[in-house]
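**Student:** Sequence and predicted structure below; questions after.
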Amino acid sequence: QVQLVESGAGLVQAGGSLRLSCTASRRTFRMYAMGWFRQAPGKDREFVAAISWNDVTIYYGDSVKGRFTISKDNLNNTVYLQMNSLKSEDTAVYYCAAGAAAQTMSAMGATAVDYWGEGTLVTVSS
């Protein structure tokens, strides 16, 4: 059973920053690419970022490139999403995800995800 536990939810003003964390088991980190998706009310779940299991490749969704950074702490089995220059349109529930490959999650979106976290709400006020 793969468990992904997110933290870092919050309310932030536009232009501000927030960091999300997702903790998984060591086995999960060794076997899966890790990623983040988000879902705003009334919209489909959207790919945000993904990182390969060996940290070699990273992908970002077009709407967050240059503002968000995904990284991993393999010692603590944690993946982070650093979000800077936040906009009101970044408001969404953010989900941690584990999948077979970062490239697949980027290209295929939510259908390429094997496991999901429960989600954490990020609200950006304008």
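**Tutor:** That came through fine. Here the structure is a predicted model, which means the values were calculated and not measured. Residues are numbered from 1 along each chain as shown.

**Student:** what number of residues lie near the closest residue to Gly10 other than its chain neighbours?
**Tutor:** Using Cβ to Cβ, 6 or more residues apart in numbering and skipping residues adjacent in sequence, the residue nearest Gly10 is Leu18, 5.7 Å away. (Glycine included, C-beta is placed from N, CA and C.) Residues within reach of Leu18, counting by other Cβ atoms under 10 Å, total 19.

**Student:** Quickly note the distance from Leu18 to Asp114.
**Tutor:** 26 Å (Cβ to Cβ, to the nearest Å).

**Student:** pLDDT weak spots in this structure?
**Tutor:** Residue ranges of the chain with pLDDT under 70: none are present.

**Student:** Name the nearest residue to the spatially most central residue of it, sequence neighbours excluded.
**Tutor:** For the chain, the residue nearest the mean C-alpha position is Trp36 (1.9 Å; Cα atoms, centre = their mean). Excluding the flanking residues, the one nearest Trp36 by Cβ to Cβ, 6+ apart is Val48, at 4.3 Å.

**Student:** At which residues are the strands of the chain located?
**Tutor:** Ranges of strands in the chain, per DSSP state E, are 5-7, 10-13, 18-23, 33-39, 46-51, 58-60, 68-73, 78-83, 92-99, 113-116, 120-125.

**Student:** closest one to Ser106 among those?
**Tutor:** strand 58-60 (3.7 Å; Cβ to Cβ).

**Student:** Can you spell out which helices and strands pack onto the closest one?
**Tutor:** Contact partners of strand 58-60 among helices and strands, from 3 or more Cβ pairs under 8 Å, 6 or more residues apart in numbering; DSSP states H and E: strand 46-51, strand 68-73, helix 102-108.

**Student:** what's the neighbour count on Ser7?
**Tutor:** Neighbour count for Ser7, taken as other Cβ under 10 Å: 14.

**Student:** Next, the contact list for the closest residue in space to it that isn't next to it in sequence, please.
**Tutor:** Leaving out its chain neighbours, the residue that sits closest to Ser7 by Cβ to Cβ, 6+ apart is Ser21, at 4.9 Å. For Ser21, the contact set (Cβ atoms under 8 Å, 6 or more residues apart in numbering) comprises 6-8, 78-80.
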